[in-house]
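>>> Using only what follows, build the 3D model:
(chains A and B)
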Amino acid sequence: MDSTVVNTSAENKRWGGGIEPLKASYGKMMMWFFLTSDSLTFTGFLAAYGFSRFKFADSWPIADDVFTHVPFIHGNYPMIFVAFMTFILIMSSVTMVLAVDAGHQMKKAKVSLYMFLTILGGFIFLSSQAYEWTTFIKGGYGAVGTHGGNIIQFVDASGERVALKDFAIAESSDRTQHARKDGLWFSGEKALPSFTFEEVLAGFEANPGVFVRTTYTAEDGHKTILSRSESLRELRTKGKNVVEGANLIQNEYGPPLFANYFFFITGFHGFHVSIGVMLNIIIFFNVLIGTYERRRSYEMVEKVGLYWHFVDLVWVFVFTFFYLV
Amino acid sequence: MEASAETHKLAIFRGLLKFKSNKQKIWGVLILLSIVTAIEVLLGIYKPEMFMGQVLGMKALNWIFIILTIVKAYYITWDFMHMRDETASLRRMVVWTAVFLISYIIFILLQEGGYVEYVFTNGFVKTDF
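Numbers count the residues shown, from 1 in each chain, chains lettered A, B, ... in the order given. Below you'll find the predicted structure:
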């Protein structure tokens, strides 16, 4: 009996609490384990994206042809805007880690300042993301979809993109968008494209300076441009409908999956950023009202900081696989 | 609590670069991450011809991008998330688990993607019409 009691008391020392074998508090450890599992979710998405890229190896769009917009500036500037977004997120990671550092030194004013800057960075990033989505959905040049689901784009003799509106011959048409209010069964339809396929074809035939750029990547890493006669045959035999911008069914850049993954992965990341901004705001106000000052520990700032850095970490990978590779 | 907060490891590059304070290390890591990102962006814009050769089934440039990304991920995790200061067991629980599972699923899915592409290209499947 005695020996049993001795054993349990020894056990109590190990398992009775008060010992932190990992030298991390429960909350911080659980944040790490959550982040591990969340990283696996993102891996699932990015690996599926990789699967589809391998599957459509030569018809996948080239990022530099798609993401070329910079706010307030016209022209072709690939990479610039997304590099800016990356820098904003890294900067907000820095202010976050400075907030954690100030928290260790129990400097309330500094923690508040750095938390505020972090939240600001989060908002700038989210606005940039909204801009990125808007331009992506709106599209730039327009394209023609084929019966097989491929995309046909148009270029001039020097290989520069040509927008549909620059050569399509618009005809007067009685076709109007069917709205819910007009329908017998209250069913509407999507916005009609600016031109019909016939108008684009007529314009293409009348403009000898326009060529077809196919969805296939050539040896030199650019999309294949067809000769004029091949272009005419391609458009006449395969062309089906006009595609402007992007939605979940079709997009003017390449395979439908390209836009789907773009929306899904950057959207899921943006959702994480929104949650992060929300958590940061809660913590920011807690700092202001002195919750952690009274608790004598700013560890909560550190835990939310871990989440915030993780969002930055995921962006580093999204940046690589959507914009660079 | 306060004691452990003071014991940040302040050296990076295996001790090659030592910082005086935690704050200085943060700015140092920011500079490092910015340089790596700038290199990525410049390579992405200019796509130098010398990196266009195929290495292990991918363009050399893509391998460079992936390696630089992992470098960035390492410094974000180790210095911004303070993984450098955690115990070895916590670090291994998080990092080894993730690295093993991530490599595994990436291998499986890319292998399968390559196979489907092969069937599309060489099998009797018509996708362009």
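>>> helix/strand/coil for the residue of chain B at minimum distance from chain A?
Proximity of chain B to chain A (CB to the nearest CB) peaks at B:Gly113, 2.9 Å away. No exception for glycine: its C-beta is placed from N, CA and C like everyone else's. Using DSSP: H, G, I helix; E, B strand; the rest coil, the structure places B:Gly113 in helix.
>>> was I right about it contacting A:Lys55?
Yes: counting by CB atoms under 8 Å, A:Lys55 is a contact partner of B:Gly113 at 4.7 Å.
>>> sorry, back to before: next one: the residue of chain B closest to chain A from A:Gly44, what distance?
14 Å (CB to CB, to the nearest Å).
>>> Which one of those two is surrounded by more residues?
B:Gly113 (21 against 14; other CB atoms under 10 Å in any protein chain shown).
>>> measure stretch B:15-28 end to end?
14 Å (CA to CA, to the nearest Å).
>>> in it, what's buried?
Neighbour-count burial for stretch B:15-28, counted by 16 or more other CB atoms under 10 Å in any protein chain shown, picks out B:19, B:22, B:25-26, B:28.
>>> near chain A, which of these show up?
B:22, B:26 (CB under 8 Å from any CB of the partner chain).
>>> could I get the buried residues of stretch B:15-28 as TSV with secondary structure?
TSV is the format used below for the buried residues of stretch B:15-28 (three-state DSSP):
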residue	secondary structure
B:Phe19	coil
B:Asn22	helix
B:Lys25	helix
B:Ile26	helix
B:Gly28	helix
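>>> Give me the local confidence score for the residue of chain B closest to chain A.
pLDDT for B:Gly113: 95.
>>> That one - nearest residue in space that isn't next to it in sequence?
A:Phe54 (2.9 Å; CB to CB, 6 or more residues apart in numbering or on different chains).
>>> and that neighbour, that one's in a strand?
No: under three-state DSSP, A:Phe54 sits outside any strand and is assigned helix.
>>> give the contact list for it.
Residues near A:Phe54 by CB atoms under 8 Å, 6 or more residues apart in numbering or on different chains: B:110, B:113-114, B:116-117.
>>> Find the residue at the geometric middle of chain B.
The centroid of chain B falls nearest to B:Ile70 when counting by CA atoms, centre = their mean (1.0 Å).
>>> Kindly confirm my reading that that residue forms part of a helix.
Yes: counting by three-state DSSP, one finds B:Ile70 located in a helix.
>>> so who does it touch?
B:Ile70 touches nothing, counting by CB under 8 Å, 6+ apart.
>>> Quick check, A:Ser274 in contact with A:Leu126.
Yes: using CB under 8 Å, A:Ser274 makes contact with A:Leu126 at a distance of 6.5 Å.
>>> what's the burial count for residue 119?
Here I'm looking at chain A. A:Ile119, neighbours per other CB under 10 Å, totals 22.
>>> Not quite, go with chain B.
Count around B:Val119 with other CB under 10 Å applied: 11.
>>> Does it fall in a helix, a strand, or a coil region?
helix.
>>> Can you give me the end-to-end span of stretch A:282-299?
Using CA to CA, the two ends of stretch A:282-299 sit 14 Å apart.
>>> Next: stretch A:168-179.
Stretch A:168-179 end-to-end distance (CA to CA) = 26 Å.
>>> For that stretch, buried residues please.
Buried residues in stretch A:168-179, counted by 16+ other CB under 10 Å: A:Ala168.
>>> contact partners of that stretch?
A:187-189, A:191-192, A:194-196, A:198-200, A:202-204, A:206.
>>> Among these, which ones are in helices?
If you go by DSSP state H, the contacts of stretch A:168-179 have A:198-200, A:202-204, A:206 in helices.
>>> where exactly do the helices run in the chain?
Going with chain A. According to DSSP H, the helices that chain A contains are A:2-15, A:26-55, A:63-66, A:80-104, A:108-138, A:197-206, A:228-238, A:256-261, A:267-288, A:291-295, A:299-319.
>>> let's do chain B instead
Counting by DSSP H, the helices of chain B are B:2-6, B:22-46, B:60-75, B:88-122.
>>> Name the residues of the stretch 151-300 of chain A found near chain B, please.
A:221, A:238, A:297, A:299.
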